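Q: One predicted model, sequence on top.
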Amino acid sequence: MKRVITYGTFDLLHYGHIELLRRAKALGDYLVVALSTDEFNWNCKQKKCYFPYEERKRMLEAIRYVDLVVPEENWEQKATDVEKYHIDTFVIGDDWSGKFDFLKEKCEVVYLPRTPEISTTKIKRDLQK
């Protein structure tokens, strides 16, 4: 079984997120999603989520491409997650291109192109207009 992992906040879930999850799942048989906790988002990313962690987790668990949702609590956990969950492929958006190449010693690293016309940031900006 080929295991894939991806990371994100997944707040204001939209079709760009679904497309990322679909493409990530297509790279393997089992998809783990490491979902940023509210504390990690605020303390390390200075992001405030509209939906709390448990709600975002439930939404992700309802998506057919997702097999397991685990908390992302810090930047450093990626290397240990690869080992802990027996990951073959690490997947993330290409806006992070090159940032996780250090994981290539442990697994394949894939940077997927983002869906260009949509993002949570764009949705928030559009709603403020």
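A: Cool, the structure landed.
Q: show me where the protein has helices.
A: For the chain, the helices defined by DSSP state H cover 15-25, 38-45, 53-61, 77-84, 120-128.
Q: ranking those helices by burial, who's on top?
A: For the helices of the chain, ranked by mean neighbour count under the definition mean count of other Cβ atoms under 10 Å, the leader is helix 15-25 at a mean of 18. Using the backbone N, CA and C atoms, a C-beta is placed for each residue, glycine as well.
Q: if we can go back for a sec, same list (the helices of the chain) but as a markdown table, adding distance to residue 100.
A: Output for those, formatted as a markdown table (distance: least, Cβ to Cβ, whole Å):
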| stretch | distance to residue 100 |
| --- | --- |
| helix 15-25 | 14 |
| helix 38-45 | 16 |
| helix 53-61 | 20 |
| helix 77-84 | 7 |
| helix 120-128 | 21 |
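Q: and of these, who's closest to residue 109?
A: helix 77-84 (9.8 Å; Cβ to Cβ).
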